[in-house]
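Student: Generate a structure from the sequence data that follows.
(chains A and B)
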Amino acid sequence: MATSLESTESRDLPVLDRQRSSAVLTGTPVSRSIWRCASLVACLGLWQIATQYKVSLGFVTMANVPAPTEVAQAFWHLLHSPKLPMHLFASIMRVLVGFSAAAMVGIGFGLAIGRYRAFEDTLLPSLEVLRPVPAVAWIPLAILMFPSSEMSMMFITFIGALFPILLNTIHGVEGVDPRLVATARSLGTRGLSLFSEVILPGAAPSILTGLSIGMGTAWFCLITAEMIAGQYGIGYFTWESYTLQNYADIVVGMLLIGGLGMGSSVLVKRLGLMLMPWYRLSEARR
Amino acid sequence: MNIALTEVLTEVLTDATLGRVDVRSLSVDVGLSSERFTALDHLDFTVEPGEFVCVLGPSGCGKSTLLGAIAGHVASTRGEIAVDGERVEGPHRNRGLVFQQHTLFPWKRVIDNVAFGLKMSGLGLVERHREALALLELVGLQEFEARYPAQLSGGMQQRVEIARALINRPHILLMDEPFGALDAQTRRMMQSLLLDVWARMRTTVMFVTHDIDEALFLADRILVLSRRPARIVADIVVPLARPRDDESTVAAEFIDIKRRCLALLREGT
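Tutor: Coordinates of the predicted model:
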């Protein structure tokens, strides 16, 4: 009894502390969000000042960094340029193809590996060897392997998204409560319906996490691949801006990359939660 | 009672000769190689069709292993189990299983949880929902058909579990401490509900518990197991009249058997 009391206390105390200190600074939720916005504005202000006065610390210099105002201008300009949809379309297509392939392979293999020892022993060793190799390290080999640079970039995206999806699927399958499987079998479930009725939905929350992480790494890998091998795409645009000395466009490219990556991860998460209305409920009870 | 329910119940009323369990010199070893131990040691007993048998024993003595073996999830090491003359070789829809808690499918609504067994035997949506609704009515939850399990209390979840196991018209219902996680009041309510359902359906029930009062309140017969490796130390007939209520639990016979069980469990532990 004493130990359990202690553990609840130690769990609760930091929370209490946080609440108190935040109350000192801000208080109500509304003033908290005002505070957060102010912090963002302050950052932009610092950036503006640093670039305007070309601050240089010797080892790092802001002399060539575009100011936020220049970035905003460049962004406005790009919005009205026919190049933007072209770049966006190229990048989004590559991510879609690479990510979808990774989702199919990752979930399919993950279900089989997580459930059957024979698959685990056959497939997992080689996958484990490949896993620590960062997807970006595949770029030279991918260029050699695929005659079209388009395919090689999709392949890099695929590799990047594959492992988070695969590993989370395996983890999810292994985490399915064996009593649920026993119950289903006692109710007459056999063969493939055990997968569709119990294993897949049981692993779904974990698979969703994998898909969401995989979407992030897919963008990360694609951007790198585009900088090296691309002719269109947001990554290519960003690198091209550097070589053409359109420094403001570099930051525009960075912001677009961030926005696209975040947007698509949120989209994956949203879609997943829409398909699993029960998930929020069972989370809330835990 | 509405028409649908009466209809289902007449269908459900199982053949009075079905649900016989024969356990012959059953031994079960569990665990992996070095940690392997004997959980059940030479068990011999028979359960008659329609009988309500409680398996009572100290915690961790192997009661659940026994139930798992009869369900077909745990392989027997020696001896054999037969249900209605057929050797148990794996799980079967004739042997329904109810666990302590959280084994409803959280991603299925209540009605689809209950209808699951019928879905697995290929019945159409309309038909299986009709039967599931009738069973939900039997356990008093027809208004909760569209909820998800997480939206129900623990007691309600167990009622759904019972309905789900019953929809396959099992010859035998195996229950592994199904009310163990409920508070005392809900537990007594659930026990009465179970007896009520059983009185109507007359399926064989094997009910594992470590609660003497629960075993006495429910059972026709109590099998008392010893500590690991489990052997049967007593096979006690409970002569209390049915239907039972709170009064039954203060009857002289009740106290008498309770004293005996307490002594047996004390020796066993």
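
Student: where exactly do the strands run in chain B?
Tutor: B:21-30, B:37-47, B:52-56, B:78-83, B:86-87, B:95-98, B:172-176, B:204-209, B:221-225, B:232-237 (DSSP state E).

Student: So which of those is nearest residue B:140?
Tutor: Nearest to residue B:140, of all the strands of chain B, is strand B:95-98, at 16.7 Å by C-beta to C-beta. In this view, the C-beta of every residue, glycine as well, is placed from N, C-alpha and C.

Student: What mean pLDDT does the closest one get?
Tutor: When pLDDT is averaged over strand B:95-98, the result is 92.

Student: Which elements pack onto that strand?
Tutor: The contact analysis (3 or more C-beta pairs under 8 Å, 6 or more residues apart in numbering or on different chains; DSSP states H and E) places strand B:95-98 against helix A:178-186, helix B:63-71, helix B:154-166, strand B:172-176.

Student: and for it, what are the contacting residues?
Tutor: By C-beta atoms under 8 Å, 6 or more residues apart in numbering or on different chains, the list of residues contacting strand B:95-98 from outside reads A:182-183, A:186-187, B:67, B:70-73, B:83, B:88, B:91, B:158, B:161-162, B:165-166, B:168, B:170-176, B:178.

Student: Stretch B:176-194 and chain A, any residue contact?
Tutor: No. Judged by C-beta under 8 Å from any C-beta of the partner chain, stretch B:176-194 makes no contact with chain A; its nearest approach is 9.2 Å.

Student: quick one: contacts for residue B:174?
Tutor: Shown in contact with residue B:174 (C-beta under 8 Å, 6+ apart): B:67, B:70, B:71, B:95, B:96, B:97, B:98, B:206.

Student: returning to that earlier point: make TSV out of the helices and strands packed on strand B:95-98 and add distance to residue B:24 and mean pLDDT.
Tutor: Conversion of the helices and strands packed on strand B:95-98 to TSV gives the following (distance: least, C-beta to C-beta, whole Å; pLDDT from 0 to 100):
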stretch	distance to residue B:24	mean pLDDT
helix A:178-186	22	93
helix B:63-71	12	92
helix B:154-166	26	92
strand B:172-176	16	94
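
Student: Out of those, indicate the one that is most buried.
Tutor: strand B:172-176 (a mean of 25; mean count of other C-beta atoms under 10 Å in any protein chain shown).

Student: Check the offset of that one from the chain's centre.
Tutor: From the chain centre to the centre of strand B:172-176 is a distance of 3 Å (C-alpha atoms, centre = their mean, to the nearest Å).

Student: Taking strand B:78-83 as reference, get the angle to that strand.
Tutor: In terms of direction (axes from the mean of the first three to the mean of the last three C-alpha atoms, to 10 degrees), strand B:172-176 departs from strand B:78-83 by 120 degrees.

Student: can you state the direction angle for strand B:172-176 and strand B:52-56?
Tutor: Going by the same axes, to 10 degrees, strand B:172-176 makes 30 degrees with strand B:52-56.

Student: can you list the helices and strands packed on strand B:95-98 in JSON lines and add distance to residue B:238?
Tutor: As requested, the helices and strands packed on strand B:95-98 are exported to JSON lines (distance: least, C-beta to C-beta, whole Å):
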{"stretch": "helix A:178-186", "distance to residue B:238": "27"}
{"stretch": "helix B:63-71", "distance to residue B:238": "18"}
{"stretch": "helix B:154-166", "distance to residue B:238": "21"}
{"stretch": "strand B:172-176", "distance to residue B:238": "17"}
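
Student: related to what we said a few turns ago, the strands of chain B: which one's closest to residue A:105?
Tutor: Among those, strand B:95-98 comes nearest to residue A:105, with 35.7 Å by C-beta to C-beta.

Student: Walk me through which strands the closest one pairs with, and which way each runs.
Tutor: As defined by DSSP bridges, the strand partners of strand B:95-98 come to strand B:172-176 (parallel).

Student: burial of residue B:144, as a residue count?
Tutor: 19 (other C-beta atoms under 10 Å in any protein chain shown).

Student: what's the closest non-adjacent residue to residue A:249?
Tutor: Once flanking residues are discounted, residue A:249 sits nearest to residue A:241: 3.5 Å by C-beta to C-beta, 6 or more residues apart in numbering or on different chains.

Student: Which residues does the helix or strand hosting the one you found contact?
Tutor: In this assignment (DSSP states H and E), residue A:241 forms part of helix A:234-243. If you take C-beta under 8 Å, 6+ apart as the criterion, helix A:234-243 is touched by A:83, A:87-88, A:90-91, A:222-227, A:230, A:247-250, A:252-254, A:256-257, A:260.

Student: How about the residues of the stretch 51-200 of chain A by chain B?
Tutor: Going by C-beta under 8 Å from any C-beta, the residues of the stretch 51-200 of chain A near chain B are A:177, A:179-180, A:182-189, A:193, A:197-198.

Student: Of those, which pair is most distant in space?
Tutor: That would be A:177 and A:188, which, of those, are the farthest apart (C-beta to C-beta) at 18.7 Å.

Student: need the contacts of residue B:174 in CSV with distance to residue B:247, can you?
Tutor: What follows is the contacts of residue B:174, written out as CSV (distance: C-beta to C-beta, whole Å):
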residue, distance to residue B:247
B:67, 30
B:70, 33
B:71, 34
B:95, 34
B:96, 31
B:97, 32
B:98, 27
B:206, 26
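
Student: so which pair among those residues is furthest apart in space?
Tutor: By the measure C-beta to C-beta, B:70 and B:98 form the most distant pair in those, at 13.0 Å.

Student: partners of the residue most central in space within chain B in the sheet?
Tutor: When chain B is reduced to its mean C-alpha position, the closest residue under C-alpha atoms, centre = their mean turns out to be residue B:175, at 2.4 Å. Note on residue B:175: beta-bridge partners by DSSP bridges are residue B:98, residue B:207.

Student: just the buried members of the contacts of helix A:234-243?
Tutor: The neighbour-count criterion (16 or more other C-beta atoms under 10 Å in any protein chain shown) marks A:87-88, A:90-91, A:222-227, A:230, A:248-250, A:252-253, A:256-257, A:260 among the contacts of helix A:234-243 as buried.

Student: among those, which are in helices?
Tutor: Counting by DSSP state H, the part of the buried ones among the contacts of helix A:234-243 found in helices is A:87-88, A:90-91, A:222-227, A:248-250, A:252-253, A:256-257, A:260.

Student: Contacts only, for the closest residue to residue B:64 other than its chain neighbours.
Tutor: Ranked by C-beta to C-beta, 6+ apart and with sequence neighbours excluded, the top spatial neighbour of residue B:64 is residue B:176, at 5.3 Å. Neighbouring residues of residue B:176 by C-beta under 8 Å, 6+ apart: B:63, B:64, B:67, B:68, B:97, B:98, B:99, B:100, B:208.

Student: Kindly recompute the last result at 7 Å.
Tutor: B:64, B:67, B:98, B:99, B:100, B:208 (C-beta atoms under 7 Å, 6 or more residues apart in numbering or on different chains).

Student: Let me know the closest of those residues to chain A.
Tutor: Nearest to chain A among those: residue B:99, at 5.3 Å, using C-beta to the nearest C-beta.

Student: Please name the residues that touch the closest one.
Tutor: By C-beta under 7 Å, 6+ apart, the contact set of residue B:99 is A:179, A:183, B:176.

Student: I'd like those laid out as JSON lines, including distance to residue A:282.
Tutor: Converted to JSON lines, the contacts of residue B:99 look like this (distance: C-beta to C-beta, whole Å):
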{"residue": "A:179", "distance to residue A:282": "15"}
{"residue": "A:183", "distance to residue A:282": "16"}
{"residue": "B:176", "distance to residue A:282": "22"}
